[in-house]
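S.K.: any chance you could fold what I've pasted below:
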Amino acid sequence: EDDRRRLGATIIPLRAGRGGRTEVLCTQSNVVNFLKSEPGQPRKTMSFPGEFRFLGALRKPEVDVTPLDTAIRGLTSVGWMNAQRYIRSYVAAREQLGRAAMQALLFEITGPGMSIGGLVKTFHFVCIMVGEVTDHFVDQLNQLLEVQHAYCEAKGEELFQIPEAVRAPLCPMFRRVAWWSIDEILDRNDDEFVNAYQREGFAKHGIQERRSENSHMEVLRLLKLMTVEQAFDYAGSLESTLRSMSPAELLDSPYSELEHTVRGLQVLSFNLNILPFGVVYWTSVIGSGHGFKRLRRFLERIRRELEEEGLASPSSAAHSACSAAGGGGHSPPRRRSKGHSAGHLSEIRALDVIAVQELFASPF
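M.R.: The predicted structure follows:
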């Protein structure tokens, strides 16, 4: 697929560290791409081998409705074993991830034509993760990554005989994940190598030089200028600006991928199955295009209810969203408009629904 048409998204958990320095939950990329390497061939390497990178993913149109869904998938699909799903620590970590995902805010966009470049247009979201549960999540994830790395190294050439679909859950998504101070990441990034792992990997696989266009580091340079509170104020202001745009203005802006409109109703984010081991494919009703189709069906129901009421207040619209989706929605306080009929619905610019969380029984 042409890089100019691809979309990516990251999610950047932030917290205040020692001395008030901002810390970010960040990964170090693998050097070897265990999934894409082939038997009898030199090992394929990752796009940014051994570099610091945010949690994230490339968009999957069959799964992700908006860039926020892509970002959340990058946070919540990092690899938990099914056997843990009823353990209390796992449930607590899952709740922490869910809370972080629901509170995520858009911070920056990088990519072709943007002030911060990059090969792929990427939406960067910030969220908060705090407490011992988060540290436990990181420790458990690193233990899993270590086991996966050890297995792949021990299998050697036999690993690449395994079909890719079967091999995927055996391969580590990255080297490790950790809380780092932004200052330390940027200092390491400016060295010849970020650490010994990257240096040794480059020597072993004949990599001559590091890639220079790491847009994630440029986003960190912006975050370095802010406290955690300032970063969220900045992101909140950006999303407020987006919510005030008309559909036409949003479509013409770099943020057009965030728009989903049904006759005057807009949704900035639609969070579908954000928790680990949620149902990815639910085909019993409307097939593989489930996410977008159910979203439109849901919005159409809200539109009909508003037309029947004439014009609902924001609080009524939020209540409609809650009852229709089976989950919660939040809408900022706005003045009630008077004297409008259903025919004026398309003229409403403000979002009646900002976020939708779809809840239903999971089969595990």
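S.K.: for the protein, what helix or strand is lowest in average pLDDT?
M.R.: helix 314-325 (a mean of 44; mean pLDDT, DSSP states H and E).
S.K.: show me where the stretch 151-300 of the chain has its helices.
M.R.: With DSSP state H, counting those that start in this stretch, the ranges of helices along the stretch 151-300 of the chain come out as 164-167, 182-189, 196-205, 215-224, 228-244, 247-252, 290-309.
S.K.: can you tell me which of the ones you listed the model trusts least?
M.R.: Sorting those by mean pLDDT places helix 290-309 lowest, at a mean of 69.
S.K.: residue 118 contacts residue 112, correct?
M.R.: Yes - applying C-beta atoms under 8 Å, one finds residue 118 in contact with residue 112, separated by 7.2 Å. No exception for glycine: its C-beta is placed from N, CA and C like everyone else's.
S.K.: so the two - more neighbours on which side?
M.R.: The neighbour comparison of residue 118 against residue 112 (other C-beta atoms under 10 Å) goes to residue 118, with 19 against 11.
S.K.: quick one on the thing from earlier: tabulate the helices of the stretch 151-300 of the chain (JSON lines), appending mean neighbour count and distance to residue 135.
M.R.: Putting these into JSON lines (neighbours: other C-beta atoms under 10 Å; distance: least, C-beta to C-beta, whole Å) gives the following:
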{"stretch": "helix 164-167", "mean neighbour count": "11", "distance to residue 135": "30"}
{"stretch": "helix 182-189", "mean neighbour count": "16", "distance to residue 135": "18"}
{"stretch": "helix 196-205", "mean neighbour count": "15", "distance to residue 135": "22"}
{"stretch": "helix 215-224", "mean neighbour count": "19", "distance to residue 135": "21"}
{"stretch": "helix 228-244", "mean neighbour count": "15", "distance to residue 135": "17"}
{"stretch": "helix 247-252", "mean neighbour count": "14", "distance to residue 135": "39"}
{"stretch": "helix 290-309", "mean neighbour count": "17", "distance to residue 135": "32"}
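S.K.: what's the closest non-adjacent residue to residue 159?
M.R.: residue 152 (5.5 Å; C-beta to C-beta, 6 or more residues apart in numbering).
S.K.: was I right about the one you found contacting residue 31?
M.R.: No - taking contacts as C-beta under 8 Å, residue 152 lies outside contact range of residue 31: 12.0 Å.
S.K.: helix, strand, or coil at the nearest residue to residue 254 once chain neighbours are set aside?
M.R.: With C-beta to C-beta, 6+ apart as the criterion, residue 254 has its nearest non-adjacent residue at 5.6 Å, and that residue is residue 109. Secondary structure, DSSP: H, G, I helix; E, B strand; the rest coil: residue 109 is strand.
S.K.: contact partners for residue 109?
M.R.: Applying C-beta atoms under 8 Å, 6 or more residues apart in numbering, we find residue 109 in contact with 121, 122, 123, 124, 254, 255.
S.K.: and it, what are its bridge partners?
M.R.: Beta bridges link residue 109 to residue 123, judged by DSSP bridges.
S.K.: distance of it from residue 167?
M.R.: Noted for residue 109: a distance of 33 Å to residue 167, by C-beta to C-beta, to the nearest Å.
S.K.: residue 299 too?
M.R.: Relative to residue 167, and taking C-beta to C-beta, residue 299 is found at 39 Å.
S.K.: ok, residue 223 next?
M.R.: Noted for residue 223: a distance of 35 Å to residue 167, by C-beta to C-beta.
S.K.: please apply the same query to residue 217.
M.R.: To residue 167, residue 217 is 31 Å away according to C-beta to C-beta.
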